[in-house]
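>>> No sequence on hand, only this structure:
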């Protein structure tokens, strides 16, 4: 059993909504850190954890995972390439574009942004990218700029010849001219480590972060993003991040597939986001926020998972949502990378009248499988019930695209 005070610490340090990743992931992280520290008693580990921020950082490294690859969900990069000149004019050495990637993970996203602008005709010196993440381990990887073909997921392999140096061991190193466009820094969304110029960023990529934050951090995160972005800037979020909180300071672009948003509410100043209230301002080394996707369980999926999923469907059809949800949660202790399992959990939550939990389950399903039709349909109906008609309209567009593939 996890002590509530440890969960509270994670909420204060990284804004983590533990339900977004599941208690088993936190339990596994705690067990691993206790093993590394040679501690068998949870109470003793709690004392160490609260006494040493370095140990807090080690635990956070296990709660998050650098799940990323180059040109992930290609639509945002295509949108950037097509709209950069239209939005901000011709490339200029005197007025370079400023872009931000947060969380930047191991560097695939900010380097993809840089390659996109290079290939769109923006020469070196006409743009600069700040890349921020809480994970020091991920940042070391990003600064090294060493990748394998797997990091490209078999797509856009032509960029390897243009922007990477291949060595005999089958690894690819970022070319110096690409590396020089990105500045990697440790920090968070709410405790931002860099000064924000009066003009703000032209484009901010903040994808697959908001979904893992609790409601308070998510709201203040959206406000921080608005302060960071120029009036003519663009915000890119992940499809699971498309929360109704974004609809107040932003409006979604017509190309819904890119999940691009424009600011539309004037603000008095565009100043640096302030640290979270009631949280002591920390150094770069100790600043924290959920910056990457949740760490999946190391356990492999049970061999009879298909039959277990069929049984859950049968129980749901019989009207026993509580029993179905119990089965889902039991299996989730073993496997967390199955979109159908999260989709069924969403149905069970919805039947039990647990709207927020249903929404989170369907968003996790769509994070794993963006075109999962049952999850899309369930989420659309729920948003309609809640009166979030713009959100439901966006999901309806995704359903049409998924059915046309």
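That came in fine, so what should we check first? Quick caveat: nothing in here was measured; it's all calculated off a predicted structure.
>>> Okay, buried residues for the longest strand along the chain please.
What stands out as the longest strand in the chain, according to DSSP state E, is strand 229-237. Using 16 or more other CB atoms under 10 Å as the test for burial, strand 229-237 gives 229-230, 233-237. (Glycine included, C-beta is placed from N, CA and C.)
>>> Check the secondary structure at residue 40 for me.
coil (DSSP: H, G, I helix; E, B strand; the rest coil).
>>> Report how many residues lie close to it.
9 (other CB atoms under 10 Å).
>>> That one and residue 34, how far apart?
7 Å (CB to CB, to the nearest Å).
>>> So which of the buried residues of strand 229-237 is the closest to residue 50?
Nearest to residue 50 among the buried residues of strand 229-237 is residue 237, at 33.6 Å by CB to CB.
>>> Just give the number of residues close to the closest residue in space to the closest one that isn't next to it in sequence.
Closest residue to residue 237 apart from its sequence neighbours, by CB to CB, 6 or more residues apart in numbering: residue 259 at 5.2 Å. A total of 24 residues lie near residue 259 under the criterion other CB under 10 Å.
>>> Next: residue 306.
Neighbour tally, residue 306, other CB under 10 Å: 11.
>>> Residues contacting the helix or strand containing it, please?
Here residue 306 sits within helix 305-317, counting by DSSP states H and E. Contacting residues not belonging to helix 305-317 are listed as 302, 323-324, 327-328, 331, 335, 338, 340-341, 344, 347-348, 351 [CB atoms under 8 Å, 6 or more residues apart in numbering].
>>> rerun that using 6 Å as the cut-off
If you take CB atoms under 6 Å, 6 or more residues apart in numbering as the criterion, helix 305-317 is touched by 323-324, 327, 340, 344, 347.
>>> for stretch 354-373, same thing?
So stretch 354-373 is contacted by 211, 239-240, 339, 342-343, 345-346, 349-350, 375, 378-379, 382, 402 (CB under 6 Å, 6+ apart).
>>> and it, how far from the chain's centre?
Computed by CA atoms, centre = their mean, to the nearest Å, the chain-centroid distance of stretch 354-373 equals 14 Å.
>>> now do stretch 151-170
Mean-position distance between stretch 151-170 and its chain equals 24 Å (CA atoms, centre = their mean).
>>> Kindly report the same for stretch 370-385.
With CA atoms, centre = their mean, you get 20 Å for stretch 370-385.
>>> Buried among the contacts of helix 305-317? Need that as a selection in PyMOL.
Only the buried entries of the contacts of helix 305-317 go into this PyMOL selection, using 16+ other CB under 10 Å:
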select buried, resi 324+327+340+344+347
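>>> biggest separation within the contacts of helix 305-317, which pair?
Using CB to CB, the pair of the contacts of helix 305-317 lying farthest apart is 323 and 340, separated by 17.8 Å.
>>> rewinding a little: next, the buried residues of the helix holding residue 306.
So for helix 305-317, counting by 16+ other CB under 10 Å, buried means 305, 308-309, 312, 315-316.
>>> Stretch 60-77 now?
By neighbour count on 16+ other CB under 10 Å, the buried set for stretch 60-77 is 60-66, 68-73, 75-77.
>>> farthest pair in those residues?
62 and 75 (31.4 Å).
>>> thinking again about what came up before, kindly reformat the buried residues of helix 305-317 as a markdown table and extend each row with pLDDT and distance to residue 207.
Shown next, in a markdown table, are these (pLDDT from 0 to 100; distance: CB to CB, whole Å):
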| residue | pLDDT | distance to residue 207 |
| --- | --- | --- |
| 305 | 85 | 29 |
| 308 | 90 | 32 |
| 309 | 91 | 29 |
| 312 | 92 | 30 |
| 315 | 90 | 35 |
| 316 | 88 | 32 |
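>>> Looking at the buried residues of stretch 60-77, which are in helices?
60-63, 75-77 (DSSP state H).
>>> just how off-centre is stretch 77-90 within its chain?
Distance of stretch 77-90 from its chain centroid, counting by CA atoms, centre = their mean, is 23 Å.
>>> pLDDT value on the nearest residue to residue 217 once chain neighbours are set aside, please?
Once flanking residues are discounted, residue 217 sits nearest to residue 15: 3.1 Å by CB to CB, 6+ apart. Predicted confidence (pLDDT) for residue 15: 87.
>>> how many other residues sit next to residue 15?
Based on other CB under 10 Å, the number of other residues close to residue 15 is 26.
>>> For this protein, give me the ranges with low pLDDT.
In the prediction, the chain carries residues with pLDDT under 70 at positions 1-2, 65-66, 154-156, 197-198, 243-244, 265-303, 336, 405.
>>> Domain boundaries for it, per the record?
What automatic domain parsing lists as the domains of the chain is 4-65, 75-263, 305-404.
>>> sorry, back to before: what's the separation between the residue nearest to residue 237 and residue 241?
From residue 259 to residue 241 the distance is 7 Å (CB to CB).
>>> Overlap in contacts, these two.
If you check residue 259 and residue 241 against CB under 6 Å, 6+ apart, no residue is contacted by both.
>>> Among the ones in helices among the buried residues of stretch 60-77, which one sits closest to residue 389?
residue 75 (23.0 Å).
>>> isn't the closest one right up against residue 257?
Yes: look at residue 75 against residue 257 with CB atoms under 6 Å: they come within range, at 4.3 Å.
>>> where does residue 172 fall, phi/psi-wise?
phi -120, psi 130 (degrees, to the nearest 10).
>>> For it, give its distance to residue 144.
12 Å.
>>> Can you pull the residues that touch both of these two?
With CB under 6 Å, 6+ apart, residue 172 and residue 144 have no common neighbours.
>>> Which one's more surrounded, the two?
Shown here are residue 172 and residue 144; by other CB under 10 Å, residue 172 has more neighbours (21 against 13).
>>> Please list all residues in contact with that one.
With contact set as CB under 6 Å, 6+ apart, residue 172 has these partners: 147, 160, 164, 166.
>>> mind listing what the third one touches?
Read it as residue 164. Residue 164 neighbours (CB under 6 Å, 6+ apart): residue 172.
>>> Neighbours of residue 44, how many?
12.
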